[in-house]
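A.B. asks: generate coordinates for the sequence data below:
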Amino acid sequence: MTISARTIAFSADSRRAGALRWIFSAAVVAALAAPGAADARTLRRTGGYDGVWNVLIITQSGSCDPAYSYPFQVSGGRISSAGAADVSGSVGAGGGVTVRISAGGSVATGSGRLGGSSGVGRWSARLSSGNCSGRWQATRG
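C.D. replies: Modelled structure (predicted):
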């Protein structure tokens with residue numbers, strides 16, 4: 001059996017091309033899987049909590065209705081209204097929440113924590129008819 005220089009050169013080129021294809025494929029997968037620098041900063045700042053959250057507000061003391069449900073929008077760590085109430089607040093990198101809600105002359109404040117796709121916390125409100133307080137629970141989307 002005779003091996004020519006041309007066969008060896010072709011085999012070397014074929015292995016090199018295969019290695020280059022593998023390196024290129026790995027680089028593409030890494031680029032798609034890893035967030036960019038701006039995305040990574042946003043994830044660190046907000047903890048990835050962006051999106052619509054459905055919040056159930058449960059009264060435990062006072063003369064408020066037994067329960068309320070509100071959708072909230074989180075974008076870049078900022079909480080805003082996704083419904084009729086005026087909502088403002090923030091979500092920290094660790095999921096800590098502070099929020100202020102006003103509707104119909106009433107004001108409520110709350111704090112708590114989001115984690116993954118759920119959250120819990122406490123709230124209190126000052127109303128013309130008296131004060132109320134309780135807990136809240138949230139689910140993403």
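
A.B. asks: now do the helices in this structure.
C.D. replies: For the chain, the helices defined by DSSP state H cover 5-33, 37-46.

A.B. asks: and those, which one averages the lowest pLDDT?
C.D. replies: Per-stretch mean pLDDT for these is lowest at helix 5-33 (a mean of 39).

A.B. asks: for this protein, what spans make up the strands?
C.D. replies: Secondary structure of the chain (DSSP state E): strands at 51-61, 67-75, 78-81, 86-91, 96-103, 106-115, 118-127, 130-140.

A.B. asks: export those strands as CSV, with columns for mean neighbour count and mean pLDDT.
C.D. replies: All C-beta spots, glycine's among them, are computed from the backbone N, C-alpha and C. Output for those, formatted as CSV (neighbours: other Cβ atoms under 10 Å; pLDDT from 0 to 100):
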stretch, mean neighbour count, mean pLDDT
strand 51-61, 16, 93
strand 67-75, 17, 89
strand 78-81, 16, 90
strand 86-91, 18, 91
strand 96-103, 18, 90
strand 106-115, 17, 93
strand 118-127, 16, 94
strand 130-140, 16, 94
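
A.B. asks: is the nearest residue to Thr109 once chain neighbours are set aside in a bridge, and if so with what?
C.D. replies: Spatial nearest neighbour of Thr109, excluding adjacent residues (Cβ to Cβ, 6 or more residues apart in numbering): Arg100 at 5.3 Å. On the basis of DSSP bridges, Arg100 is bridged to Ser88, Thr109.
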